[in-house]
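Student: I would like the atomic coordinates for the input below:
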Amino acid sequence: MTQITLTTYYPVANEGSSCIVCHSIVQTDIQGNGDYTVRPPQRYVYELEQGEVAKFLSDFLIRTYPRHHLNSYSRSLYKTAEFCGACHKQYIDKEVNTDIGRIQGQNQYDSWKNSRWYHENNPEKTVACRECHMPLVEASQEPAKGDVLDYNRSAEDGKHRSHRMLAANQYIPTLQNLEGAKQHVALTEKWLRGEIPIPEIADKWTTGPVVRMKIIAPKTVLPDQEVNLKVVLTNNKTGHDFPNGPLDMIESWVEVTVTDDSGQVFHQVGGINKKTDMVDQPPLIFKADGFDRQGKLIDRHNLWDLVGASYKRAVYPGMTDTAQVQFQCPSMARGSGETSQPGQRTDQFSFPAPAADEANHLTVTATLWYRKANPDFLDTVYGIDTKTRSLITKVNEVITKIKVEKNVQASVQ
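Tutor: Numbers count the residues shown, from 1 in each chain. Purely as a prediction, here's the structure:
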């Protein structure tokens, strides 16, 4: 089947939300759903004309009289979270769901406003959208540098806000093979891990990874003993739920792998199935399974049919969630050495008997993964044969070791 995309007919669709889309907005409504008012700017002479001469004259006028450009495209509205909330909050209106009523969709705005990052009428304590996603960068000689309307800036600070707008989408740049995609994806993955510092909010933001992780497990176990462990995740840095956005497409999950001293895997949950690219038995997965009036899964991002969700999981800012994993410690008798299937125990795997002064260990690795679009969604939209896939990013990983005792009772932490 031939796949026809929007860009087949409209190549400019790759541009997405261009500069002028946002910078022509003069009013917003925090109900969301892209509820904003646009006022077309007054253009420079020859700005819309074609040809080298027109381009030269237009650019010359913009450089010579930049104040008109700033007055046309810069408003105090753009410094508010309400500006962002116009699009980053979605719902299905009662006019669409006449028999059910209003259904709330993704909602970064209210998640942020009800979180620890928002302090009413106190910008010096608040961490706002633009401070994270549009951090200050050096502006060189750019006319737009400096800003007297920001509480911590001045007219001559020599900076402007980055318009790269890093967030959690490493999928679209690679799907559309956009210019600079490789660099943008690399920065996005650093952002997802919390590795990009933002000096202007260093005194009120948190340090460390976006999602903190720790493993709670016994210090020692006995052969053949049932092992119970927990992986605790804390939403440390995001200004809203982690993850947030279209959770009918997004997947973020925990993978837990247990190996022996030689690195051989004998227990794994949350790994990727090589045949289907699906996640095998994750002990914890963040996503949403929405359904329509017939109880069918919302699997094509067809949110206009959404009436509820059978599963929805994310972590609120500053809060924690826990994955629980159980497995059986191998025996000490040497076995065949065959590994178990993901999520299953095995009676065939066993440790070699250790030397008198040595001990065996279990190494537990917990990994948090993220991808913008799950395989089911992509196969439905693009077709199974295309093998269109979203990149998978390692958000965080923690490791701990458990000592396998010989003949003494194991102690539990």
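Student: could you measure from the residue nearest to Ile25 when sequence neighbours are not counted over to Lys274?
Tutor: Among residues not flanking Ile25 along the chain, Tyr36 sits closest, at 4.8 Å (Cβ to Cβ, 6 or more residues apart in numbering). Backbone N, C-alpha and C define where each C-beta goes, glycine included. Applying Cβ to Cβ, to the nearest Å, the value for Tyr36 to Lys274 is 45 Å.
Student: could you check which of these two is surrounded by more residues?
Tutor: Tyr36 (17 against 7; other Cβ atoms under 10 Å).
Student: who does the more buried one bridge with?
Tutor: Beta-bridge partners recorded for Tyr36 (DSSP bridges): Thr28.
Student: that one is in contact with Gln27, isn't it?
Tutor: Yes. Assessed by Cβ atoms under 8 Å, Tyr36 is found in contact with Gln27 at 6.5 Å.
Student: I'd say Asp277 and Arg389 touch.
Tutor: Yes. In this structure, Asp277 is within contact of Arg389 by Cβ under 8 Å, at 6.4 Å.
Student: shared neighbours of these two, which are they?
Tutor: Here Asp277 and Arg389 share the contacting residues Pro375, scored by Cβ atoms under 8 Å, 6 or more residues apart in numbering.
Student: residue contacts, Arg161?
Tutor: Arg161 is in contact with Arg130, Met134, Pro135, Leu136, Val137, counting by Cβ under 8 Å, 6+ apart.
Student: narrow the residues you listed to those in helices?
Tutor: Arg130 (DSSP state H).
Student: what subset of the contacts of Arg161 is buried?
Tutor: Those of those that meet the buried threshold are Arg130, Met134, Pro135, Leu136, by 16 or more other Cβ atoms under 10 Å.
Student: of those, which belong to strands?
Tutor: Filtering the buried ones among the contacts of Arg161 for membership in strands, criterion DSSP state E, returns Leu136.
Student: low-confidence ranges, the stretch 51-200 of the chain, go.
Tutor: Applying pLDDT under 70 to the stretch 51-200 of the chain picks out no residues at all.
Student: now the strands for it?
Tutor: Along the stretch 51-200 of the chain, counting by DSSP state E, counting those that start in this stretch, strands occupy 89-92, 103-107, 136-138, 159-161.
Student: repeat that for the stretch 201-350 of the chain.
Tutor: Assigned strands in the stretch 201-350 of the chain, in chain order: 211-216, 220-221, 226-235, 251-259, 265-269, 284-286, 288-291, 308-312, 320-328 (criterion: DSSP E, counting those that start in this stretch).
Student: let me have those in TSV, extended by distance to Glu142, mean pLDDT and mean neighbour count.
Tutor: What follows is the strands of the stretch 201-350 of the chain, written out as TSV (distance: least, Cβ to Cβ, whole Å; pLDDT from 0 to 100; neighbours: other Cβ atoms under 10 Å):
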stretch	distance to Glu142	mean pLDDT	mean neighbour count
strand 211-216	35	98	18
strand 220-221	61	96	20
strand 226-235	35	98	19
strand 251-259	37	98	23
strand 265-269	51	95	22
strand 284-286	39	98	21
strand 288-291	41	96	18
strand 308-312	43	95	13
strand 320-328	42	97	17
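Student: of the ones you listed, which is nearest Trp369?
Tutor: strand 251-259 (5.7 Å; Cβ to Cβ).
Student: partner strands of the closest one, parallel or antiparallel?
Tutor: Listed by DSSP bridges, the sheet partners of strand 251-259 and their directions read strand 265-269 (antiparallel), strand 284-286 (antiparallel), strand 360-371 (antiparallel).
Student: what about the helices in this protein?
Tutor: Using DSSP H, helices in the chain cover 6-9, 19-22, 52-64, 66-73, 81-85, 108-113, 129-133, 172-175, 181-193, 375-382.
Student: distance to Leu368 for the ones you listed - can I get that in TSV?
Tutor: TSV is the format used below for these (distance: least, Cβ to Cβ, whole Å):
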stretch	distance to Leu368
helix 6-9	33
helix 19-22	32
helix 52-64	46
helix 66-73	39
helix 81-85	26
helix 108-113	19
helix 129-133	20
helix 172-175	21
helix 181-193	10
helix 375-382	19
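Student: among these, which is nearest Met213?
Tutor: Nearest to Met213 among the helices of the chain is helix 181-193 (11.6 Å), distances taken as Cβ to Cβ.
Student: now for that closest one, which elements pack on it?
Tutor: helix 172-175, strand 393-404 (3 or more Cβ pairs under 8 Å, 6 or more residues apart in numbering; DSSP states H and E).
Student: lowest-confidence stretch among these?
Tutor: Looking over the helices and strands packed on helix 181-193, mean pLDDT reaches its minimum on helix 172-175, with a mean of 90.
Student: not counting it itself, show me its contacts.
Tutor: Outside of helix 172-175, the residues within contact range by Cβ under 8 Å, 6+ apart are Gly16, Leu178, Gly180, Ala181, His184, Val185, Thr188, Lys372, Thr388, Ser390, Leu391.
Student: circling back: looking at the helices of the chain, which is closest to Lys237?
Tutor: helix 129-133 (8.3 Å).
Student: same for that closest one, what does it pack against?
Tutor: Counting contacts by 3+ Cβ pairs under 8 Å, 6+ apart, helix 129-133 packs against helix 81-85.
Student: Arg153: which of the helices of the chain is closest?
Tutor: Among the helices of the chain, the nearest to Arg153 by Cβ to Cβ is helix 129-133 (11.1 Å).
Student: apart from its neighbours in sequence, what residue is nearest Glu189?
Tutor: In space, and not counting its chain neighbours, Glu189 is closest to Thr393: 4.9 Å by Cβ to Cβ, 6+ apart.
Student: what about that neighbour, how many residues close to it?
Tutor: There are 20 residues near Thr393, going by other Cβ under 10 Å.
Student: same deal with the one 10 residues further on?
Tutor: The criterion is other Cβ under 10 Å. On that basis, Lys403 has 14 neighbouring residues.
Student: I'd like the numbering to begin with 55 instead of 1 from here.
Tutor: Got it, the first residue is 55 from now on, which makes the last one we talked about Lys457.
Student: so it touches Thr274, yeah?
Tutor: Yes. Counting by Cβ under 8 Å, Lys457 touches Thr274, with 4.5 Å between them.
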